[in-house]
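here is my input; please provide its structure:
(4 chains)
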4 protein chains.
Amino acid sequence: MSSERPLKVALFGSGRIGQVHARNILANPELELVLIADPFIEGAQKLAEGTGARAVATADEVFAEDDLDAIIVGSPTNTHVDLISRAAARGVAALCEKPIDLDIDRVLACRDNLRGSNTPLMLGFNRRFDPNFASVQARVQAGEIGRLEQLTIISRDPAPAPASYIAGSGGIFRDQSIHDLDMARFFVPDIVEVSATGSNLFCDYIEELGDFDSVVINLRGARGEQITIINSRHSAFGHDQRLEAFGSDGMLTAGNLTPTSVRKYTAAGAEGADPYLHFFLERYAEAYRRELEGFVQSIRQGIACSPGFEDGLEALVLANAAEESARSGRVVKIGKD
Amino acid sequence: MSSERPLKVALFGSGRIGQVHARNILANPELELVLIADPFIEGAQKLAEGTGARAVATADEVFAEDDLDAIIVGSPTNTHVDLISRAAARGVAALCEKPIDLDIDRVLACRDNLRGSNTPLMLGFNRRFDPNFASVQARVQAGEIGRLEQLTIISRDPAPAPASYIAGSGGIFRDQSIHDLDMARFFVPDIVEVSATGSNLFCDYIEELGDFDSVVINLRGARGEQITIINSRHSAFGHDQRLEAFGSDGMLTAGNLTPTSVRKYTAAGAEGADPYLHFFLERYAEAYRRELEGFVQSIRQGIACSPGFEDGLEALVLANAAEESARSGRVVKIGKD
Amino acid sequence: MSSERPLKVALFGSGRIGQVHARNILANPELELVLIADPFIEGAQKLAEGTGARAVATADEVFAEDDLDAIIVGSPTNTHVDLISRAAARGVAALCEKPIDLDIDRVLACRDNLRGSNTPLMLGFNRRFDPNFASVQARVQAGEIGRLEQLTIISRDPAPAPASYIAGSGGIFRDQSIHDLDMARFFVPDIVEVSATGSNLFCDYIEELGDFDSVVINLRGARGEQITIINSRHSAFGHDQRLEAFGSDGMLTAGNLTPTSVRKYTAAGAEGADPYLHFFLERYAEAYRRELEGFVQSIRQGIACSPGFEDGLEALVLANAAEESARSGRVVKIGKD
Amino acid sequence: MSSERPLKVALFGSGRIGQVHARNILANPELELVLIADPFIEGAQKLAEGTGARAVATADEVFAEDDLDAIIVGSPTNTHVDLISRAAARGVAALCEKPIDLDIDRVLACRDNLRGSNTPLMLGFNRRFDPNFASVQARVQAGEIGRLEQLTIISRDPAPAPASYIAGSGGIFRDQSIHDLDMARFFVPDIVEVSATGSNLFCDYIEELGDFDSVVINLRGARGEQITIINSRHSAFGHDQRLEAFGSDGMLTAGNLTPTSVRKYTAAGAEGADPYLHFFLERYAEAYRRELEGFVQSIRQGIACSPGFEDGLEALVLANAAEESARSGRVVKIGKD
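Take a look at the predicted model:
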């Protein structure tokens, strides 16, 4: 592999997530960052500074580039379908942030478009690459706890995004829970039933927008597995990202991360750890790095990307079902057709 | 208090739970065990040996006793309504194992019977007295984590009871989950909605009996609190009894208990603890002791017992609702009438 | 065993430690508490109240008792040699609190006295019976970590005793460290070298009394094992009682005990436990119970008590050597003669 | 700072530690790796490949380079004095791996040479930059646990180095313990007394070389602080690197690192973590990165390096004293002259 030239990569989006990807691309000897695209050209220019990459404002400029091997899509959700469709048409690999789109019809139409394409396309469910969750999943697959029976996923953000973001987010199920729904599918790909409840417990503007700030989702797998997802838009003690896989022979858990191994003991209490890592970019820094490595490996070795387009679609189907259940008070069956 | 004579107590039932109560009564200087009643008289006799208590076969013999202060009911469920009714009629305090009865109509009729009685009556939801759960509940009430938003209760038995027991148990919701439903009410007394799902994952005879071996229950409190109960009839690693109270300002958790503080470190892994305590009598030994102390205190101080009859009724209502939801796939509203 | 009559026991001392033993004797069906002896007769009377035991002021009254099976010695150190000698002469078993005496010559003379006696005599090194330390020791003996190479014992009291106690205590090595020296011998019976250092870090009156408040002791076992004892007369976070056994194949540790399994998570920190148990009677409650059971078992089964007189002597020899080393700055060899 | 050109750096040594430094230099935008020097020129060439650095065989070629800003010395110990002396003479900053030299006389002579030099010189005691230990030290300095009274440092290597390495290592005190002696001085700079013991417990060739495989060192600080260092040349469960700072108001500890937060629960045991990180380059990867950042910062801001030359000297003095004490069985006083 080392004898091959680095892959030429274009990055869409110079915001928070674009910056993470830019750093990881630059640190990866397999990749060469050639273009950074953002209609807010100043952002692209600032990020490109000193990297050797060229800043451009439009997708046309990106797709005009010769020898482009891959794009990484960190631009707003409503650009995703268009960009991955153009990439597939050009034979350019794509790593696209979730979700594919908030509108299931657009996603299905996109799927029709992509039918027959062999171009690598990876969906950015980065948590599958988190070393902690990935380790539990691999060990469950390896049979360490026998048959998986119950999976509990607790996922709480440190603080709610601002109202402007929430308004366009598609709601908590499609914006936040979708990560956990994909995590559920990472362990149990076939989900047959969804039920959910939502509450408004602490955030007025979320309630005013008709969204929930706290939800619980129950999934049933094809073999009866019970999966519980507990979400909140806030967490006083930092990013709360845990899971427990309970099987016939035992349990494997992945806990939160502390910045150090330091513990404190005083008259007020014992064994106190540092507060948990707060920000998702910090919490999932390693996951983003490994995701990029996985993408490169898929391209180099011609292996289908995982998670791929179908995983993005399935997670959206589950998120929609969860919302429907929370609104109707009924279990929603997931049809296989 | 120490100047008063000990309370004269009769114990119904000489089985597993009766033996626990017998030991705790004998160790409590406030109590004098005068009678042990069991139609299986040999059991009563064996348990009475060397204790100073008299073994009898019938309730009539118990209620014929002069100066009886209290009964402790550890006999089969179908005797509970009769015994607590007779005790109330005689003005004898009662500590009755859960449930009051499996049939809600009998429980409601019993409530009518008891109306107007001031005789102390405690329901044996012993987990409220577990030092770990009780500490979390007290600290939540004291406002340590702000407003309670999400409560997660994980409760798994080490191994399923035999088919004969399951057959008469009233099913997992009324037999096992009822403890957790009461625990939910310990934190959030007013529950307004119940939904649940059940699965058959590992135990054939439970499935043949039409019962579930694994269930998940979601409750909503009157102020929107979200409560999740996860139950299994087995757990390879011992009694799994935990809870997490998540609030606006933080989280308090109660974990499983290890028999020692010993940890092991080898090439195969680090920080391994002993297996968890397996048997509920061991896990909840301290809870049973404290429950009895609470009962004595209620009698001595004339304070209403907590948990009391209404708590037993409410837990049964929730268990029935959970079963209905699991069968129908719909959220069940809990009416306040 | 249950068919035998209970052993008749006399208790010397009605102070803190006497009260612990009294409670445990009363709770043990194998034992009958017949006498409580204390020259401060009011203390003996108060403790005897309601127990069926008789309060006496003198040892003569105790040893005049017919059918006495055992004495438990919780009276001041300077009474120990006399009481265990008289017990041995009378053929009465004895459980004696540590130390045998602060003066090694009196201990050696006592040993001469006891030579030839088969009467059971147990030394009250209760920590050998602590379930946590006992588990580590048994697992090390069973070879779980291969050959034991390094043993680290950390033992800190919550707060220094008052000056009056310190003045007659024999100093930190003979009063506090002696427990840890015995613990060292529990793992490595043959100690061949001792070195120690002492500091005065926080307690003026201890310094004025010519004693240390903080010491570190290093021992070498006959097979080269390295043992480190770290002591302090105070600990802001409660009783600090831990050990680590490091062997060729791994490590076993015993940690401190928290009153509950509750953990707290806030913006200020994560996973904080309750403060540790503070008082040694609480921390070692189970150890005292098991010690008494071990004593009964030795008597009933005619097995030599462990720890016995020699263990008390050896611990004192090591304490004296540690003091000598701390004063001289030299390693002290322990002669076997 | 970003407007300044990167510092031109030459690296001595292309072995294990040289490779770590090379990677970190390349990843640091403040540094430009211009030369890699190793008499084993193939090693230098291999490491230089694709980095833009030039491989050279001799120090002369390095010091002939124009505009050289800094050298990083990862070559064998016997080259250190020469290289840092030449760097100082040339006004080139140096980051030198520990120890300065195994021979105290050469170190003292070197100090004479360096007298008057203001050129930045940092000693590679990388553990001071470990986030866990650094956090404890900073919090102790900030007074979080009151006055520091006892410091316990446990430091065990996964496995002994081969005999060839041990033979030239200067012995365990100067090779392994020296890191912990520096860590002790990180917390308590003024050490006034040293005592130590050594054992041969598991490694025949170490014994044959006249060295110990297991040592315990006690230090006394100028204010009476007691410091205990426990070392072993092996550890079945991976790199064992912990410390406990015990103070008048509490304790802060830094524990070992697990590769993930995963825990396992089975019938065989609960809460088992992954084995600890094994190799020091993995365990201290972050420390090496931060050390390099600290070096850059000292150069850029003209601040004296910490740890510096005197720290290297003092650690060697303590290592020599520990060896002397272990051989003589006496406390060794550390003179301040």
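
distance check, the residue nearest the centre of chain A against A:Asp180.
Closest residue to the average C-alpha location of chain A: A:Phe125 at 2.7 Å, with CA atoms, centre = their mean. Relative to A:Asp180, A:Phe125 is positioned 10 Å away (CB to CB, to the nearest Å). Any C-beta I mention is one placed from the backbone N, CA and C, and that applies to glycine too.

likewise A:Ala273?
For A:Ala273 relative to A:Asp180 (CB to CB), the value is 24 Å.

out of those two, which sits in the busier spot?
Shown here are A:Ala273 and A:Asp180; by other CB atoms under 10 Å in any protein chain shown, A:Asp180 has more neighbours (29 against 20).

wait, that one sits on A:Asn231?
Yes: A:Asp180 lies in contact with A:Asn231 (CB atoms under 8 Å); the separation is 6.6 Å.

so for stretch A:28-47, first residue to last residue, what's the gap.
Start and end residues of stretch A:28-47 are separated by 17 Å (CA to CA, to the nearest Å).

what about that stretch, distance to the chain center?
Relative to its chain's centre, stretch A:28-47 lies at 21 Å (CA atoms, centre = their mean, to the nearest Å).

list the buried ones in it?
A:28, A:30-38, A:41, A:43-45, A:47 (16 or more other CB atoms under 10 Å in any protein chain shown).

what is the mean pLDDT for it?
Per-residue pLDDT values over stretch A:28-47 give a mean of 95.

contact partners of it?
A:1, A:6-15, A:18-19, A:22, A:25-26, A:48, A:51-59, A:61-62, A:65, A:68, A:70, A:75, A:292-293, A:296, A:300, D:50 (CB atoms under 8 Å, 6 or more residues apart in numbering or on different chains).

again, but for stretch A:7-20
A:21-22, A:25, A:30-38, A:40, A:43-44, A:46-47, A:53, A:59, A:62, A:65, A:67-76, A:79, A:83, A:97, A:281, A:285, A:288, A:296, A:299.

would you mind measuring from the nearest residue to A:Gly171 once chain neighbours are set aside to A:Met183?
Using CB to CB, 6 or more residues apart in numbering or on different chains and skipping residues adjacent in sequence, the residue nearest A:Gly171 is A:Asp211, 4.9 Å away. As judged by CB to CB, A:Asp211 and A:Met183 stand 21 Å apart.

quick one: the helices in the stretch 1-150 of chain A, in order.
A:16-27, A:41-48, A:59-63, A:80-90, A:104-114, A:131-141 (DSSP state H, counting those that start in this stretch).

out of those helices, the one nearest D:Leu313 is which?
Nearest to D:Leu313 among these is helix A:16-27 (37.7 Å), distances taken as CB to CB.

okay, the angle between the closest one and helix A:41-48?
30 degrees (axes from the mean of the first three to the mean of the last three CA atoms, to 10 degrees).

render the CA-only coordinates of helix A:16-27 in PDB, please.
What follows is helix A:16-27, C-alpha atoms only, in PDB (Å, rounded to 0.1, in the frame of the first residue of the first chain):
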ATOM      1  CA  ARG A  16     -16.600  22.400  13.000                       C
ATOM      2  CA  ILE A  17     -16.900  19.000  11.500                       C
ATOM      3  CA  GLY A  18     -15.000  20.000   8.400                       C
ATOM      4  CA  GLN A  19     -12.100  21.100  10.500                       C
ATOM      5  CA  VAL A  20     -12.000  17.700  12.200                       C
ATOM      6  CA  HIS A  21     -11.800  16.000   8.900                       C
ATOM      7  CA  ALA A  22      -9.200  18.400   7.600                       C
ATOM      8  CA  ARG A  23      -6.900  17.700  10.500                       C
ATOM      9  CA  ASN A  24      -7.300  14.000  10.100                       C
ATOM     10  CA  ILE A  25      -6.700  14.100   6.300                       C
ATOM     11  CA  LEU A  26      -3.500  16.100   6.800                       C
ATOM     12  CA  ALA A  27      -2.200  13.700   9.400                       C
END
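
could you list the buried residues of that helix?
Under 16+ other CB under 10 Å, the buried positions of helix A:16-27 are A:17-26.

so does stretch A:227-244 get close to chain C?
Yes: applying CB under 8 Å from any CB of the partner chain, one finds stretch A:227-244 touching chain C at A:236-238.

contacting residues for A:Ile334?
Applying CB under 8 Å, 6+ apart to A:Ile334 gives the contacts A:191-194, A:317-318, A:321.

now do 10 Å
A:190-194, A:219-220, A:222, A:314, A:317-318, A:321 (CB atoms under 10 Å, 6 or more residues apart in numbering or on different chains).

what do you get for A:Asp190?
By CB under 10 Å, 6+ apart, the contact list for A:Asp190 reads A:220-223, A:225, A:314, A:334, A:336.

mind listing the strands for the stretch 151-300 of chain A?
Along the stretch 151-300 of chain A, counting by DSSP state E, counting those that start in this stretch, strands occupy A:191-199, A:214-221, A:226-232, A:240-247, A:250-254, A:262-266, A:269-273.

include mean pLDDT when you put those strands into CSV, please.
Output for those, formatted as CSV (pLDDT from 0 to 100):
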stretch, mean pLDDT
strand A:191-199, 98
strand A:214-221, 98
strand A:226-232, 98
strand A:240-247, 97
strand A:250-254, 98
strand A:262-266, 96
strand A:269-273, 93
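
my read: A:His234 touches A:Ile172, true?
No: counting by CB atoms under 10 Å, A:His234 stays clear of A:Ile172, with 11.7 Å between them.

shared neighbours, these two?
In contact with both A:His234 and A:Ile172: A:157, A:160, A:213-214, using CB under 10 Å, 6+ apart.
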